[in-house]
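Enquirer: no letters, just coordinates:
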């Protein structure tokens, strides 16, 4: 395909826009059972349910294993206290508190809620790099909703890394079934193609290898390539 034709095609794509996922609703500021909010140098104010000598990790496991435990704190002497109700927090050097929900009327934990981080980055992250990092953190914490919102916003703000990541999800060779509904070689090829034109060397390599695999009739992904637009993404040169 002639170079001018390629650029004309890309311009049409840009006008049409590409939104891989729709926006989703926000989640409440509540940690998962195994992902508590962490408050260094803090003791909890509230109603304790149990108290015994335990090191931090054992105290945490006990709290996580009890549905009625809303949080725990532990002193420098390994005095572990669990709580059914949390009304506040107080500064205490060397102590640590971890809670299922945010401590009311207290400072932020060192691992703030994903939704709060997303809202902050909507106004502060102009190039999408921090949003992409947030998306990875959200997926690691099994929060697909925030992960999808963050990575899509990162793409809108020009993050090549975010766009490349989603392209890999769709690529039949690296299909991520926990991220997207189905493998789609055309979506992967389109993103690789656009990124390669922007000078992204990794995308260029992935596009080249994808085109090679598409041309291999013995490929284990041959079925996924049946509708692949080979003449659109694999013909000619994308190098200047």
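Expert: Sure thing, it's come through. Not measured: the values here are computed from a predicted model. Residues are numbered from 1 along each chain as shown.
Enquirer: how many residues are close by the nearest residue to residue 137 once chain neighbours are set aside?
Expert: In space, and not counting its chain neighbours, residue 137 is closest to residue 114: 7.2 Å by Cβ to Cβ, 6 or more residues apart in numbering. C-beta: built from backbone N, CA, C; applies to glycine. Counted with other Cβ atoms under 10 Å, the neighbours of residue 114 add up to 24.
Enquirer: quick check, residue 114 in contact with residue 149.
Expert: No - Residue 114 is beyond contact range of residue 149, at 9.5 Å (criterion: Cβ atoms under 8 Å).
Enquirer: and the helices in this structure?
Expert: 3-16, 56-64, 114-124, 129-140, 144-156, 160-170, 185-197, 201-214, 230-233 (DSSP state H).
Enquirer: which regions of this protein sit below the pLDDT cut-off?
Expert: 1-34, 236-240 (pLDDT under 70).
Enquirer: per-domain residue ranges of the chain.
Expert: 3-26+114-233, 37-99 (automatic domain parsing).
Enquirer: residues in contact with the residue most central in space within the chain?
Expert: Against the mean C-alpha coordinate of the chain, by Cα atoms, centre = their mean, the closest residue is residue 135 at 2.1 Å. Neighbour list for residue 135: 146, 147, 148, 150, 151, 154, 162 [criterion: Cβ atoms under 8 Å, 6 or more residues apart in numbering].
Enquirer: one more pass at 10 Å, please.
Expert: 114, 118, 128, 143-144, 146-155, 159, 162, 165-166 (Cβ atoms under 10 Å, 6 or more residues apart in numbering).
Enquirer: only the buried subset of these, as a ChimeraX command please.
Expert: The buried subset of the contacts of residue 135, as determined by 16 or more other Cβ atoms under 10 Å, is captured in ChimeraX by this line:
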select :114,118,128,143,146,147,148,149,150,151,152,153,154,155,159,162,165,166
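Enquirer: picking that back up, how far away is the residue nearest to the centre of the chain from residue 108?
Expert: 20 Å (Cβ to Cβ, to the nearest Å).
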